[in-house]
Structures are given as structure tokens and as C-alpha cells.
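[1] Quick check, what structure comes out for this input:
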Amino acid sequence: MKTNFQDYFRALIGNEEAEQFFCSIKERVTRRSLRANTLRTSKDELVKWLSSQGYEVKDNPFSCDGLDILGRGEELALKLPYHSGFTYPQDSASMFAIDVLDPKPGEMVLDLTAAPGGKSTHIAQRMLNTGVLVANDLDTKRLKALHSNLERLGIFNTVVTRFMPHKMTQYYPETFDKILLDPSCSGEGLLVTPDGKPSFWNEKSLKRYASEQYGLLLSAFRLLKPGGRLVFSTCTLNNIEDEGPVKKLLEKMPEAEILEINLKQTPEQFEDLEGVRFWPHKTGTKGFFCIAITKKSSLNLEQEKETSYEIKTLSQKQLEPFKEFAKDYFGCDLPDAEFTIRDEHLFLISKELANFPLLPFYSLALPFIKICRDEFRPTHAGALILGMSAKKHVYNLNREEVLKVFQRQPITNNSTERGLYIAKYQDFTIGVAKLTDKGVEVVLPHQF
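    Numbers count the residues shown, from 1 in each chain. As a prediction, this is how the structure comes out:
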């Protein structure tokens with residue numbers, strides 16, 4: 001570690017605490033945590049499964065949706081719930097930020113820097129797949145990961161956009177009930193991970209990040225409704241990037257006010273620092289910072305550009321062929337949602353998203369059924385949803401077969417069944433299976 005890095009944190013938190021912090025960076029040990037996707041399963045059911053597979057499981061102390069995993073378990077124990085969309089591996093501090101944001105069903109929420117989607121999917125989960133979540137990011141590569149996570153976890157109240165935040169204010173001034181801003185930062189909190197590189201650190205870069213963060217924070221504040229809640233978070237720990245942009249916002253915007261965070265799971269804080277920090281040596285997590293801001297009164301901003309793009313949903317009559325397909329082929333009903341057709345796919349969307357004015361360029365979160373010339377085929381995301389209630393055309397894999405699926409090895413078809421099926425192993429849906437004379441082919445997305 002650089003001398004100036006050590007000197008900075010000694011001055012910030014004192015010699016004794018700083019030494020403990022430096023030791024945590026050298027040891028690089030954090031708690032192993034994951035989030036239960038309660039859109040698909042319950043924490044209790046997940047605990048039962050993991051415990052039966054040899055793991056010791058405890059409630060995570062920083063989020064009501066989190067679990068801490070200890071020890072080693074059976075080979076498929078973590079893989080199956082992950083692939084079926086029951087879990088998301090996530091650091092405790094990141095989960096805590098969504099507890100602070102407190103998104104509610106039916107609200108309009110914006111994640112301004114959303115990819116790869118850990119916090120976005122958590123937000124949608126808390127919204128019970130209702131309301132509208134706008135997941136925005138500029139990084140094309142990371143957007144692929146965002147889409148993958150939205151599909152795997154069964155999120156359909158979300159629209160993905162790729163817009164400069166300051167341009168979004170022209171379309172959506174004072175529109176959102178809740179906003180999360182988790183921008184790029186110096187990443188000091190990640191130094192406790194194997195990828196951490198303390199040699200990069202210099203104070204000039206902190207000031208550059210802080211300047212960029214203030215611009216994003218200002219845009220986010222303009223997008224926030226009066227009385228709404230904006231959570232600003234980073235995976236860094238210095239007060240140049242953390243408190244710095246917030247103090248500048250308070251100076252420039254008298255309408256801004258810091259909200260007290262008094263959740264029972266809030267970690268112990270240093271009195272002379274604002275916001276909430278997760279110090280690795282205290283919490284056993286990555287380093288993290290978050291703070292909540294509200295808007296006391298309107299900025300009286302006017303919409304500069306119209307959002308004329310609205311989603312055309314299918315009528316009950318137009319939806320009938322898809323209902324018949326689900327009922328006749330899989331013996332189940334379609335999910336309780338609205339539906340629209342785009343790019344030769346039937347998409348699920350929330351009722352509120354169907355009436356939400358959209359930006360000129362957007363993509364939807366959950367392609368459900370592929371519309372081919374002469375047939376319908378469930379997508380991988382669609383199969384994960386249909387598999388939870390399907391009663392027909394389900395192919396139940398044995399343990400040897402499911403291991404072969406994940407190893408991309410061929411599976412012999414010893415049954416008389418042929419055609420398109422949903423592959424499952426116990427209560428876990430694996431994906432779409434094609435049963436032919438040559439064998440059983442379970443089609444997994446490339447990222448798996």
C-alpha cells in the first residue's frame with residue numbers, strides 16, 4: 001500500500017482503526033453472502049435446501065433478504081438455485097443500500113447506473129414486479145450482464161435505457177419516487193477482494209471521480225419527485241468522493257436535505273463522518289458508503305422533450321393463442337401481467353409499465369415466448385417462469401443428467417418422448433430441452 005494511502009486513512013479514522021482496515025485489505029476475507037429472490041422462492045425454503053446440502057446458513061445481519069453461507073456443501077447446492085433464478089450472489093453492503101432506498105410496489109423508480117443489475121433486480125424484487133423500474137447505464141458490455149440477470153431472476157417491471165443522465169432530465173423532470181445512484185468510483189472498498197489493487201491510489205483521481213459524481217448526483221436530484229428519496233452509494237470510503245458531492249449538492253440546492261438512516265441493521269459509524277460506511281474490518285464485507293437525500297420542495301422544472309413512445313399491449317383476444325399454447329402444451333396459465341410483442345417475441349411487462357411514457361430508445365427486460373413462423377417456443381427466461389407451474393411436457397433430469405447439462409456433455413434419451421420440453425431437477429427449472437432420437441439437449445444461454 002502506498003504511504004499516502006495509509007496517511008490519508010490514518011487522518012480520516014485514526015491510527016488504530018486504520019491499522020485494522022489495512023489488515024483487512026491484506027487478509028482479503030469477507031463474508032460469503034447471497035440474496036434470496038423472493039419473487040421465486042422464500043428465504044425459509046432456500047435455507048432448508050442449502051442446509052440439506054451440507055451448508056451452515058445464517059441470516060445476513062445487514063439485509064432482510066440476505067443469507068450468509070458457511071462451510072462447504074454438495075456440488076449442485078449453490079449452482080441449481082442460481083441457475084433457476086432463486087438467488088443472486090451479492091455483498092451485504094450492496095443489499096443494505098436497497099433497504100435504505102425502500103422501493104415500494106407500484107412506485108416509479110430509477111436506477112441511474114444500473115449494470116450489471118445486482119441492485120436493480122433487488123429493487124424490482126422489493127417492488128413485487130409492479131410499478132416501473134427504469135434501469136439506465138451507458139456501458140454496452142455491462143448492459144448484456146444486466147439483461148441476463150433481469151431474465152434469470154424473472155424481472156418484468158423494468159425497461160432498460162442507455163441515456164446520458166443530464167439528457168434524461170429533459171424527459172423526466174421530477175418524475176421518480178425513488179432513485180438509486182451508484183456511480184463509478186475509486187473502488188477502495190474492493191481492496192479486500194482478490195482483484196483489489198491498492199497501488200492505483202492517488203488523491204487526484206479521487207477529486208476527478210468526485211467531480212463526475214456530483215454531475216450525476218445533480219441530474220438524479222432533478223429527476224426526483226418532491227418528497228422522494230435518492231440514495232447515493234459508492235464502493236469507496238474516502239470523504240472526497242462520499243460526502244464531497246453531497247455537500248456540494250446541499251450548497252447548490254437548498255431544496256435538498258439529508259435523511260437520517262436509522263435501520264436496525266445499520267453498522268456502527270464513526271461520529272465525525274456522515275452517511276453510512278461499511279468498513280471491512282468491522283462488518284466483514286466489502287467497503288461501501290451510502291446516504292439518503294430527499295427533495296423538500298419542487299424545482300419547478302419543465303419537461304423539455306416529449307416522451308411519445310408508449311407500449312402497445314395485447315388485448316385479451318390477441319393474447320388467446322398464447323394462453324392456449326401455455327394451457328395445452330404445458331398445462332399452466334400465463335403469468336398475471338400485461339404482454340406486448342416486439343422483435344418477434346412476446347414480452348411480459350407490468351401493468352404500470354404499459355402506461356409509462358418511454359424514451360425513444362429502450363429495451364424490455366423479459367422475452368417470454370419466441371414467435372416462430374409456425375410455432376411458439378418458450379425462451380430460457382420463459383421456461384424458468386413456466387417451469388414453476390407446468391404440469392405437462394416436463395422432463396425430469398436425474399442427478400447424473402443435470403451434471404452433464406452443466407458440463408455441456410451429451411445426454412442419452414432413453415424415453416419415448418420427443419419434442420420441446422421444460423427440463424427440471426427436483427424443484428429447480430433448468431431450461432428448455434429438446435428431446436430427439438439423438439438425445440436430450442438442454443439449451444442454456446451462452447453466459448451459463
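[2] where along the stretch 151-300 of the chain do the strands fall?
    158-161, 176-181, 224-234, 256-259, 276-278, 288-295 (DSSP state E, counting those that start in this stretch).
[3] and the fourth one, average pLDDT?
    The reference is to strand 256-259. Averaging pLDDT along strand 256-259 gives 97.
[4] and it, C-alpha only, in PDB?
    Output in PDB follows, covering the C-alpha atoms of strand 256-259 (Å, rounded to 0.1, in the frame of the first residue of the first chain):
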ATOM      1  CA  ALA A 256     -32.000  19.100  -0.800                       C
ATOM      2  CA  GLU A 257     -31.900  17.600   2.600                       C
ATOM      3  CA  ILE A 258     -30.200  14.500   4.100                       C
ATOM      4  CA  LEU A 259     -32.400  11.900   5.500                       C
END
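[5] immediately after whichever strand or helix holds residue 25, which helix or strand?
    Assigned by DSSP states H and E, residue 25 falls within helix 15-27. Heading C-terminal from helix 15-27, the first helix or strand you meet, by DSSP H and E, is strand 33-36.
[6] list the buried ones in the strand or helix carrying residue 67?
    Using DSSP H and E, residue 67 sits in strand 66-70. For strand 66-70, the neighbour count (16 or more other C-beta atoms under 10 Å) marks 66-69 as buried. For the C-beta atoms, the positions are set from N, CA and C on the backbone; glycine is no exception.
[7] re earlier: output the strands of the stretch 151-300 of the chain as a markdown table; include the columns distance to residue 218 and mean neighbour count.
    Converted to a markdown table, the strands of the stretch 151-300 of the chain look like this (distance: least, C-beta to C-beta, whole Å; neighbours: other C-beta atoms under 10 Å):
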| stretch | distance to residue 218 | mean neighbour count |
| --- | --- | --- |
| strand 158-161 | 19 | 24 |
| strand 176-181 | 10 | 24 |
| strand 224-234 | 11 | 22 |
| strand 256-259 | 10 | 16 |
| strand 276-278 | 22 | 24 |
| strand 288-295 | 11 | 23 |
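[8] From the contact counts, what lies against the strand holding residue 67?
    Applying 3 or more C-beta pairs under 8 Å, 6 or more residues apart in numbering; DSSP states H and E, one finds that strand 66-70 contacts strand 33-36, helix 43-52, strand 56-59, helix 92-101.
[9] Apply 7 Å and report the result again.
    strand 33-36, helix 43-52, strand 56-59 (3 or more C-beta pairs under 7 Å, 6 or more residues apart in numbering; DSSP states H and E).
[10] So in that sheet, which strands flank that strand, and in what orientation?
    Within its sheet, strand 66-70 is paired with strand 33-36 (antiparallel), strand 56-59 (antiparallel), according to DSSP bridges.
[11] Residues contacting the last one, please?
    Outside strand 56-59, the residues within contact range by C-beta atoms under 7 Å, 6 or more residues apart in numbering are 47, 50-51, 67-71.
[12] from those, which is closest to residue 99?
    Here the nearest of the contacts of strand 56-59 to residue 99, counting by C-beta to C-beta, is residue 67; it sits at 14.7 Å.
[13] who's the closest residue to residue 233 other than its chain neighbours bridged to?
    Closest residue to residue 233 apart from its sequence neighbours, by C-beta to C-beta, 6 or more residues apart in numbering: residue 290 at 3.8 Å. Note on residue 290: beta-bridge partners by DSSP bridges are residue 233, residue 276.
[14] how many neighbours does residue 245 have?
    If you count neighbours by other C-beta atoms under 10 Å, residue 245 ends up with 25.
[15] mind checking how far it is from residue 207?
    11 Å (C-beta to C-beta, to the nearest Å).
[16] Repeat that for residue 29.
    For residue 29, the distance to residue 207 - C-beta to C-beta - is 31 Å.
[17] Tell me the bridge partners for residue 364.
    residue 159.
[18] count of residues packed around it?
    22.
[19] tell me the contacts of it?
    Neighbours of residue 364 in contact, by C-beta under 7 Å, 6+ apart: 159, 342, 347, 349.
[20] Need the nearest residue in space to the last one, chain neighbours excluded.
    Take residue 349 and drop its neighbours on the chain: the residue closest to it by C-beta to C-beta, 6+ apart is residue 338, 5.0 Å away.
[21] so how far is residue 382 from that neighbour?
    From residue 338 to residue 382 the distance is 15 Å (C-beta to C-beta).
[22] More neighbours: the two, which one.
    Set residue 338 next to residue 382 and count neighbours by other C-beta under 10 Å: residue 382 wins out with 27 against 18.
[23] Please look at that one and residue 368 and confirm they touch.
    Yes: the criterion here is C-beta atoms under 7 Å, and residue 382 meets it with residue 368 at 4.2 Å.
[24] related to what we said a few turns ago, could you pull up the residues touching the residue nearest to residue 349?
    Applying C-beta under 7 Å, 6+ apart, the residues near residue 338 are 313, 349-351, 354.
[25] Which among the residues you listed count as buried?
    Applying 16+ other C-beta under 10 Å to the contacts of residue 338 flags 313, 349-350, 354 as buried.
[26] Narrow these to those in strands?
    The strands, defined by DSSP state E, take in residue 349 from these.
[27] Nearest to residue 8, out of the buried ones among the contacts of residue 338: which one, please.
    residue 350 (45.5 Å).
[28] how about the nearest residue to that closest one, chain neighbours excluded?
    Nearest to residue 350 is residue 157, by C-beta to C-beta, 6+ apart, at 3.7 Å.
[29] Repeat that for residue 348.
    residue 156 (3.8 Å).
[30] Check which helices and strands the lengthiest helix in the chain is in contact with.
    For the chain, the helix reaching the highest residue count under DSSP state H is reported as helix 203-223. Packed against helix 203-223 by the contact rule (3+ C-beta pairs under 7 Å, 6+ apart) you find helix 165-171, strand 176-181, strand 224-234, helix 243-252.
[31] The third one versus strand 176-181: what angle between them?
    This points to strand 224-234. 20 degrees (axes from the mean of the first three to the mean of the last three C-alpha atoms, to 10 degrees).
[32] From the chain's centre, how far out is strand 224-234? Work that out for me.
    Relative to its chain's centre, strand 224-234 lies at 18 Å (C-alpha atoms, centre = their mean, to the nearest Å).
[33] which other helices and strands contact that strand?
    Packing partners of strand 224-234 (3+ C-beta pairs under 7 Å, 6+ apart): helix 92-101, strand 176-181, helix 203-223, strand 288-295.
[34] got it, and the first one?
    If you count contacts as 3+ C-beta pairs under 7 Å, 6+ apart, helix 165-171 packs onto helix 203-223.
[35] avg pLDDT for the helix it packs on?
    96.
[36] in that helix, what's buried?
    Of the residues in helix 203-223, those buried (16+ other C-beta under 10 Å) are 206, 209-210, 213-214, 216-223.
[37] and which of the contacts of strand 56-59 is nearest to residue 299?
    Nearest to residue 299 among the contacts of strand 56-59, with distances taken as C-beta to C-beta, is residue 67, at 41.1 Å.
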